[in-house]
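1. Sequence and predicted structure are below.
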Amino acid sequence: MANEALVTQLIRLADDHLILGHRLSEWCGHAPMLEEDLAMPNIALDLLGQARALYTYAGAVENKGRDEDAIAYNRIEREYTNLLLCERANGDFAHTMLRQLFFSLFMHNFWQAALSSSDETVAAIAGKAVKESDYHVRHTAQWVIRLGDGTEESAERTAQALRQLTPYLKELFEADDIALLCTDEKWLPNPAVLEAAWKDEVTQIFNQAKLLLPDYELGQSGGRQGRHTESMGYLLTELQFMQRSYPNMQW
Amino acid sequence: MNTTAQTPLWEVFIRPRNGLAHRHCGSLHAADATLALQAARDVYTRREEGNSIWVIPSSQIVASDPQDKEALFDPAGDKIYRHPTFYDIPDDVGHM
């Protein structure tokens, strides 16, 4: 039972990274400038690497013969348990950067707490991921500050992105019985406990970006139970194409 | 964002290893120094090329005029005695 909870929680976490990594990868070849055309896929590759480590470990704990590809690609939409924030369509550059800042700030705190996990594999994954997420925060924070406190158009677009993303923030800190079981065992940090630090850090960045973090208590929820937004189906169609067309293919 | 007025050119220098000098490796566009440093990291250190980065506004570099090439560099052409190749090195010294 406890192991089942760990598998569920690892897959939730892995899904966040796979889906958001896929979203970021959609920018490849379309970024507003060449330098960002490398920066965003760099972040996407970090997220994908973290997803791979988490899926692989989930499969090992589950012990039913599923490898990373089997979990990542061979599920139906309702079996994906990522945050709704991660599946949101990219929108414009401001929306992408703000979405990434919200997620990376949360994950940076999460990985830092996970460094002291009682589970050695989780602690090892955290050791690598904490450095990567540190850079993701730096990069996206610098952009959000410049966009929010930039031109009239960039400020308006950033403010609009904030309005669009606000309903998806509360879900970051959701902690159901499965999450709490993993917390009790000291396997994974409790997302709810990370909210205060996250809020402080967002507020500090927003002060420089001339943005105000709105009340986000009334938010969308359901990602952890597999209830997704409309855009998820389209995302999976592309994400799963190769494995659906050529099952078990490798390259 | 695409105008070079908003994102001027920067020259990037990477130090490959401790003890070696920073070497020019390319250029990029960025709005300011912080973003230039991040862009340099993202563009030029993806394959472990280095452990230190310098970025310098290209406009700050003072370059010699290509038209001065003959006056500046040709006079060195026949001063072969400036190369340290006329010393007899004792065999015991080995490779220098």
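-> The structure has been received and is ready for your questions.
2. Now do B:P90 against B:P57, distance only.
-> 50 Å (C-beta to C-beta, to the nearest Å). Glycine gets a C-beta too; all of them are placed from N, C-alpha and C.
3. Neighbour count: these two, which is higher?
-> It is B:P57, of B:P90 and B:P57, that has more neighbours when counted by other C-beta atoms under 10 Å in any protein chain shown, with 14 against 6.
4. Ramachandran angles for the more buried one?
-> B:P57 adopts backbone torsions of phi -60, psi 130, taken as degrees, to the nearest 10.
5. For it, give its distance to A:A60.
-> Here B:P57 is placed at a distance of 51 Å from A:A60 (C-beta to C-beta).
6. thought B:E11 was touching B:A63?
-> No. Using C-beta atoms under 8 Å, B:E11 is not in contact with B:A63; the gap is 10.9 Å.
7. Comparing those two, which residue is more hemmed in?
-> Using other C-beta under 10 Å as the criterion, B:E11 and B:A63 rank with B:E11 on top: 19 against 6.
8. tell me which residues in the helix or strand hosting that one are buried?
-> If you go by DSSP states H and E, B:E11 is part of strand B:9-15. Within strand B:9-15, the residues scored as buried using 16 or more other C-beta atoms under 10 Å in any protein chain shown are B:10-15.
9. Check stretch A:213-220 too.
-> Buried residues in stretch A:213-220 (16+ other C-beta under 10 Å): A:216, A:219-220.
10. Between these, which sits nearest chain B?
-> Lowest distance from chain B to the buried residues of stretch A:213-220 (C-beta to the nearest C-beta) belongs to A:Y216, with 28.1 Å.
11. my guess is that closest one is in a helix, correct?
-> No. Assigned with DSSP: H, G, I helix; E, B strand; the rest coil, A:Y216 falls outside any helix and is coil.
12. Retrieve the pLDDT associated with it.
-> Predicted confidence (pLDDT) at A:Y216: the value is 97.
13. Count the residues that sit near the residue lying closest to it once chain neighbours are set aside.
-> Using C-beta to C-beta, 6 or more residues apart in numbering or on different chains and skipping the chain neighbours, the partner closest in space to A:Y216 is A:L169 (4.1 Å). For A:L169, the neighbour count with other C-beta under 10 Å is 25.
14. One more: the one 5 residues further on?
-> Using other C-beta under 10 Å as the criterion, A:E174 is surrounded by 16 other residues.
15. close enough to count as contact, it and A:Q220?
-> No. Between A:E174 and A:Q220 there is no contact under C-beta under 8 Å: 10.8 Å.
16. Leaving out sequence neighbours, find the closest residue to the residue nearest the centre of chain B.
-> Centroid-nearest residue in chain B: B:H24, 3.1 Å away (criterion: C-alpha atoms, centre = their mean). If the residues on either side of it in the chain are set aside, B:H24 comes closest to B:F13, at 5.5 Å by C-beta to C-beta, 6+ apart.
17. Would you confirm that the one you found contacts B:I56?
-> Yes. Judged on C-beta under 8 Å, B:F13 makes contact with B:I56 at a distance of 7.2 Å.
18. So which bits of the stretch 1-150 of chain A are right by chain B?
-> Counting by C-beta under 8 Å from any C-beta of the partner chain, the residues of the stretch 1-150 of chain A lying close to chain B are A:32-36, A:38-39, A:42, A:135, A:138-139, A:142-143, A:146.
19. Produce a ChimeraX select command limited to the buried residues of those.
-> Here is the ChimeraX command that selects the buried residues among these (16+ other C-beta under 10 Å):
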select /A:33,35,36,38,39,42,135,139,142,143,146
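20. Need the residues of the stretch 1-150 of chain A next to chain B in CSV (columns: pLDDT and secondary structure).
-> Below are the residues of the stretch 1-150 of chain A next to chain B laid out as CSV (pLDDT from 0 to 100; DSSP: H, G, I helix; E, B strand; the rest coil):
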residue, pLDDT, secondary structure
A:P32, 92, coil
A:M33, 93, coil
A:L34, 94, helix
A:E35, 95, helix
A:E36, 96, helix
A:L38, 96, helix
A:A39, 97, helix
A:N42, 97, helix
A:Y135, 97, helix
A:R138, 97, helix
A:H139, 98, helix
A:Q142, 98, helix
A:W143, 98, helix
A:R146, 97, helix
